[in-house]
Structures are given as C-alpha cells and as structure tokens.
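Return atomic coordinates for the entry below.
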Amino acid sequence: MSKVTGFLPAFLARPFAAIGGVLFLIGAMLPWATFLLNDGPYPDKATLQFFDAPLELTGYRWNLLLFGVLALIATFAPTPAKSRVLRALGWGGLAISVITAVFIAGKGGGLGAITVADGNYAFGSIVGALGGVAVILAAGAIPLADIPHWSTRIFGLTGWAGRIAAWVALLIAFGAVLYLVSETLTVGGIGGAAFPYAGPIFLAYLGFAGGLLGALHGMGVTGWVARLSEEHRAFSIIVLLLCAFALPFTDAGSQYWMQVAATIGVYAATAIGLNIVVGLAGLLDLGYVAFLGIGAFVAANLSGAVASTVGWNLPFPLAALISAVIAGIFGAIVGSPTLRVRGDYLAIVTLAFGEIFYRTAQNDIGNLTGGASAIPGIPPITMFGTAFNEPITLFGTALPSGVLYYFLIVLVVAAVMAVFANLKNSRIGRAWIAIREDEDAARAMGIATGRAKILAFMCGATLAGLAGAIFVHKLGTASYDSFKFLESVTLLAAVILGGMGTIPGAVLGASLLFVLPEKLREFEDYRLLVFGLALIFIMRFRPQGLVPDRVRRAEFAGETAEGKSIEEVQEQAVLEHELELEREREAPATAKEAGR
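Here you go, the predicted model:
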C-alpha cells in the first residue's frame, strides 16, 4: 500500500494528479536560483541571470518536465497500475526539487536563493516540490492495484516471428540499461574544483532514475523484461556482454571512468564470492577482504615485481590460478571453525582472521607483503604484445589506457556469475540454502553441514583470490592498506543491500557502494553522513534488498515474486477453494433435480 493514503477522497485524485503534472511543467520552465552562487552559476541555466531560454531544458529541469508529461499521461490515459506509476513519478519529482532546493539554499545562504532576493524571483524548486506532493497525494487516493503480469508472447506471435520480436524488445531494453549506466557515471562530471556541483546534480539524477524505474516497475515493464530475458537466456547473456563491452564507446569511456568501472568489476566479482558464503550458506564473514588480499599478495610475488623477495616471474594466467588456489586453501582453513561455532561467534572468528591478515601484512611477516613500503612495480598484464595499461584503438575509436583491464574484468565477472548460478542451482547450492534457513533441520535431513560450510568458504575465497590477482596488476602496487576491515564491511553491505543470494543483487550493490563515494566528493565533509543515510533508507524500505530472490522477498516483504501480498494470495486461494467446494456440493443436487 502507499505510505500516503487517506488524505484525499477518491474523486479528487485526478484533479490533484493533473495539478501536480502541470506544476512539474511550470517548475521546469521557471528559474531555480535568484543569484550567482559563490562557485559560479548553477548548471542548466537555472540562475535568473542566465535564464534567457526557458524552453531549452537540460539536466534536472528536463527530467522534471518529462515527469510532468508522464504524470499527465498517466492521469488521463488508461494506465495499468496507475497509483503505482503516479506514486513513483511524484516521489521522483519531489526528490529532484528538494535536493536541488536544499543545495542552492545552503550554498546561497538561505531561502532567498530559491524564492526572492534583491527583486529577483526563482520559484522553480518550490513549484516542483508542490507538484510532487500533489501527485503523491493523488496516488494515495487511488486503490493500489497489483503489478500487471504481461504476456511474453509479443503481439501473440509464435515461432521465429515471436522469437525475433522478443530479441528486438530485449535489444531495446538492454540498450536503455547501457544508456542509464553511462548517464549515471557521467552526470554532473567527476567533481572537485572543475565540477563544483557534481554531487547535487548526481543526487537529483538519482531521484529521476529512481522515479522512472519505479514507474516502469509499477506498470510491470521491468518484470516483463526479466521474464522475457529468462525465456531467452542465451541471447540475453550475449547481449548483456556486448552492452558491457560497449560501455567504453559511450560518454563513460574516459580514462577515469574506465579505471572506476574496472575497480567496480573487481569488487563485484569479490561480492559474488561473498554471496556464496553469506547469501547462500548464511555464514556471516567479517574478514572476507583478507582473501582478496591473499590473492593480491600471491600474484604480486609471482609476477616479477621488483620489490618482491620471491623473484618469480610467472605468466599472469598461471599466477592468477595459483593465487586463487592458495586463497581457496586459506578459505577452507578459516571455514573449519564453522564445525564448532556459528552465528555471532563465527563472525568473531572471521573478524579475527581479517585483522590477523591485516596486521601480518602491515608488519611484513615473512617478507611477503612489503609492510609499509608495500610491493610496488608490479608489471601490467601483457598479452599478444600489448600491455593492458596502454591506450588502444578499436573499430576506429581511440580508447583510453586501462580499457583492457575493464574488458578483462567483464569476462571475469561473467565467469564468476556462471559459477555462482551453477552452484546455486546444484545439489550443493540447495544444501547451502537449507543450512541458511535452518542448520539443525538440514543436518536432520542428512546434509553433511560441516563439509558444505567449509566448501562454501573455499569457493568464495577462491573467487576473491582471482579478483585480487587482477586488482594488483591493475593498480601496480600491493599494499596492506587496501584490505582494511572497512572493505569487508563494504562488501558485506553490497551483498545485503543488493539482495542476498542473487547475482544481479551483488553486482548492483557493489556498483552503488563504489560509485556513490566517487560521485559525492562534493560533500566531502558530509559524504559519509549522506552515504549512511542512503543505506538506512534502503534497509528501511527495501530490507529484502534491491534485487531480492524469491525466499528473501517472501521473508522480509511478505510478497510473491510478482509483487503480490502473500496474505492476500492465501486469502484468495482459500476463497477459491471454498467456492470450489460449494460448487461440488451443489452439483449432485442439481443433477438430482434434473433427473426428476
């Protein structure tokens, strides 16, 4: 149900929705700041002095205008799940307006910056916020309909015609995802002195993206695409890989964002490994980043680094394989205490292991980590005579240095996804899930819980070790400072917030938790506060995670995979059963009367 209900009678829903949509349109074409801020004019011609073309809308003003048009269409046109669509558009428009208003007022020294000052007026953000409130109230006055379940048979086509239509739809959907990812990375710029408004512009864009995705989800579009991609899994995997490889050819194809994207890929692969331990087996691991560090230091010592005391110079594939195996062995060793401890005590054991590794690496015990001096000079990965840290030209397009590391990590993440998916659907994966739900019941059913838990630690650690080998070659330095306890917490948060036990959840969680700090550099003094508040809101309103699996969704949200309330589904099933019994009782009486 909507969180804002009962404030309006049903007959006022359409007028309020229409008023809100019109306010969005008006707010988009009004000025948003009465004077120049100290860091220069607010972007997208929002300042009154630069407001010479109100119809040339860009940025958040264009986003608000689009929400206004969509709100009016949803109000007067037949729209499936209208209340869900209006609610998402209302909250998205309100977020855009409030975030921008708060920042301009804060930088401008008060409400005069967004209202009236020195005879100048700028009510754009105020009007936009009022429009968001009106649309939200209208959505609360409409009964909340179920999310539509669209048929995956497009236009009723079958055979090759239906298959081609589905492929075209998936190409459009995944192309839109690629555009959304590119815009998310590049909107507002990098931040710093050259882009002083990167932070608020990015947050306003998140409000737009969240509102738009919420509206599409409410209409059943996202669920339809998910079912369609599941029916055409092989084609979807190929297209997703192509979209990932196409990212360097978009606006996000700069050297900076390729470095960030490669780092996100490393942590995404690591988070998927942690998802085996936490998401599938339900074992809380607070020292998981140590396995990433073990893989990193083993690869650094075997790859010909100048400062390495081992002095070996193995090819990267062999060094990466050895790193993964050694990390897996340590994972089995750390997992052995799970035979005796569980719950909070297991968390303490893994926390101790992570801290032991950190202190060992810091003090350079065994002369394998370099201590405070780290292990610099790790040579880049070289294949076919090309170093991965050099720029290349592909299909006539000059790509920045580091793009080959991005391509490599895309392949690694795809391979890790395949491993995770096969493990989850295998016999051992079902055993892990049983242990997660109830270890005692799993043991009573004949599952060797001890061996299964050790195997979970070993598999997760192996994937982390492989990611660590790529990580140090990309950085060129292996330092203990990269594997602190905070990194374990961040990885764990990525798994929980993204959705425990799901592949897209781990990737999305890792992406958000490593993109947000990069984009919020504008709020250097408040970055952790904003970051923490975002996590609190996600845990409050999406405790099952952003992309939950069926079990977690039922446990935390009380919903089926289609978004319906489990209680309502059960009540409907009971009513249908009672009606069926009533028909069965009436059938003999009807037949008897007919015989007379």
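
Helices of the stretch 301-450 of the chain, residue ranges please.
Listed in chain order, the helices of the stretch 301-450 of the chain (DSSP state H, counting those that start in this stretch) span 316-335, 344-362, 403-424, 427-437, 439-444, 449-475.

I'd like the ones you listed as TSV, with mean neighbour count appended.
All C-beta atoms are positioned from the backbone trio N, CA, C, and that covers glycine. Shown next, in TSV, are the helices of the stretch 301-450 of the chain (neighbours: other Cβ atoms under 10 Å):
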stretch	mean neighbour count
helix 316-335	21
helix 344-362	18
helix 403-424	20
helix 427-437	18
helix 439-444	14
helix 449-475	26
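
Minimum distance to P9: which of the ones you listed has it?
helix 427-437 (45.2 Å; Cβ to Cβ).

Show me how far that closest one is from its chain's centre.
Put simply, helix 427-437 sits 25 Å off its chain's centre (Cα atoms, centre = their mean, to the nearest Å).

so what secondary structure elements neighbour that helix?
helix 439-444, helix 449-475 (3 or more Cβ pairs under 8 Å, 6 or more residues apart in numbering; DSSP states H and E).

Quick check: which of the ones you listed is nearest to M29?
Among those, helix 449-475 comes nearest to M29, with 46.1 Å by Cβ to Cβ.

Tell me the gap between the closest one and the middle of its chain.
22 Å.

Which elements pack onto it?
helix 255-275, helix 289-302, helix 316-335, helix 403-424, helix 427-437, helix 439-444.

just the angle between the helix or strand just after that helix and helix 344-362, please?
Remark: after helix 449-475, the chain's next helix or strand is helix 485-498, criterion DSSP states H and E. For helix 485-498 against helix 344-362, the angle between stretch directions is 140 degrees (axes from the mean of the first three to the mean of the last three Cα atoms, to 10 degrees).

any idea which helix or strand comes after helix 485-498?
With elements assigned by DSSP H and E, the helix or strand that comes after helix 485-498 is helix 503-519.

gap between A444 and I435?
A444 sits 12 Å away from I435, taking Cβ to Cβ, to the nearest Å as the criterion.

do E582 as well
In terms of Cβ to Cβ, E582 sits 44 Å off from I435.

now swap in P143 and tell me
Counting by Cβ to Cβ, the separation of P143 from I435 is 42 Å.

and if you look at L86?
43 Å.

cool, I190 as well?
Going from I190 to I435 by Cβ to Cβ gives 44 Å.

do the same with M417
Distance from M417 to I435, by Cβ to Cβ: 22 Å.

rewinding a little: tell me which of the helices of the stretch 301-450 of the chain lies nearest to A46.
A46 sits nearest to helix 403-424 of all the helices of the stretch 301-450 of the chain, at 34.4 Å, using Cβ to Cβ.

now could you export just the CA positions of that closest one as PDB?
Below are the C-alpha coordinates for helix 403-424, written out as PDB (Å, rounded to 0.1, in the frame of the first residue of the first chain):
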ATOM      1  CA  VAL A 403      40.300  -0.200 -21.000                       C
ATOM      2  CA  LEU A 404      41.800  -3.600 -21.500                       C
ATOM      3  CA  TYR A 405      41.600  -4.200 -17.700                       C
ATOM      4  CA  TYR A 406      38.000  -3.300 -18.000                       C
ATOM      5  CA  PHE A 407      37.400  -5.800 -20.800                       C
ATOM      6  CA  LEU A 408      39.200  -8.500 -18.700                       C
ATOM      7  CA  ILE A 409      37.200  -7.900 -15.600                       C
ATOM      8  CA  VAL A 410      34.000  -8.000 -17.600                       C
ATOM      9  CA  LEU A 411      34.900 -11.500 -18.700                       C
ATOM     10  CA  VAL A 412      35.900 -12.500 -15.200                       C
ATOM     11  CA  VAL A 413      32.700 -11.200 -13.700                       C
ATOM     12  CA  ALA A 414      30.700 -13.100 -16.400                       C
ATOM     13  CA  ALA A 415      32.700 -16.300 -15.500                       C
ATOM     14  CA  VAL A 416      32.100 -15.700 -11.800                       C
ATOM     15  CA  MET A 417      28.400 -15.200 -12.400                       C
ATOM     16  CA  ALA A 418      28.300 -18.500 -14.300                       C
ATOM     17  CA  VAL A 419      30.000 -20.300 -11.400                       C
ATOM     18  CA  PHE A 420      27.600 -18.800  -8.900                       C
ATOM     19  CA  ALA A 421      24.500 -19.600 -11.000                       C
ATOM     20  CA  ASN A 422      25.500 -23.200 -11.400                       C
ATOM     21  CA  LEU A 423      26.400 -23.600  -7.700                       C
ATOM     22  CA  LYS A 424      23.100 -22.100  -6.600                       C
END
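
so what's the closest residue to G465 other than its chain neighbours up against?
Spatially, and ignoring its direct neighbours in sequence, G465 is nearest to A327 (2.5 Å; Cβ to Cβ, 6 or more residues apart in numbering). In this structure, A327 makes contact with F291, L292, I294, G295, V298, A461, T462, A464, G465, L466, G468, judged by Cβ atoms under 8 Å, 6 or more residues apart in numbering.

Name the surrounding residues that touch stretch 244-262.
Taking Cβ under 8 Å, 6+ apart as the rule, stretch 244-262 contacts 178-179, 181-183, 185-186, 190, 395, 397, 399-403, 405-407, 409-410, 414, 474, 514-515, 518.

gap between the two ends of stretch 294-314?
17 Å (Cα to Cα, to the nearest Å).

List the buried residues in it.
294-305, 308, 314 (16 or more other Cβ atoms under 10 Å).

which residues touch M219?
Contacts of M219 (Cβ under 8 Å, 6+ apart): T79, P80, A81, R84, V85, I147, P148.

separation between the nearest residue in space to M383 that is not next to it in sequence and A469?
Nearest residue to M383 in three dimensions, chain neighbours excluded: F316, at 7.8 Å (Cβ to Cβ, 6+ apart). Using Cβ to Cβ, F316 is found at 8 Å from A469.

same thing with M458?
From M458 to A469 the distance is 17 Å (Cβ to Cβ).

likewise N313?
From N313 to A469 the distance is 14 Å (Cβ to Cβ).

try A296
According to Cβ to Cβ, A296 and A469 sit 7 Å apart.

Need the overlap of contacts for the two.
Both A296 and A469 are contacted by S323, under the criterion Cβ under 8 Å, 6+ apart.

quick revisit: dump the contacts of A327 into CSV; add pLDDT and distance to R227 as well.
Converted to CSV, those look like this (pLDDT from 0 to 100; distance: Cβ to Cβ, whole Å):
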residue, pLDDT, distance to R227
F291, 92, 36
L292, 92, 35
I294, 93, 40
G295, 92, 37
V298, 91, 43
A461, 92, 35
T462, 93, 33
A464, 92, 32
G465, 93, 36
L466, 93, 32
G468, 92, 36
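
ok, those residues vs T338, which is closest?
Taking the contacts of A327 together and measuring to T338 by Cβ to Cβ, the closest member is A461, at 13.0 Å.

do you know how far the closest residue to the closest one other than its chain neighbours is from I294?
Computed as Cβ to Cβ, 6+ apart, the closest residue to A461 that is not its neighbour in sequence is G331, at 2.5 Å. According to Cβ to Cβ, G331 stands 9 Å off from I294.
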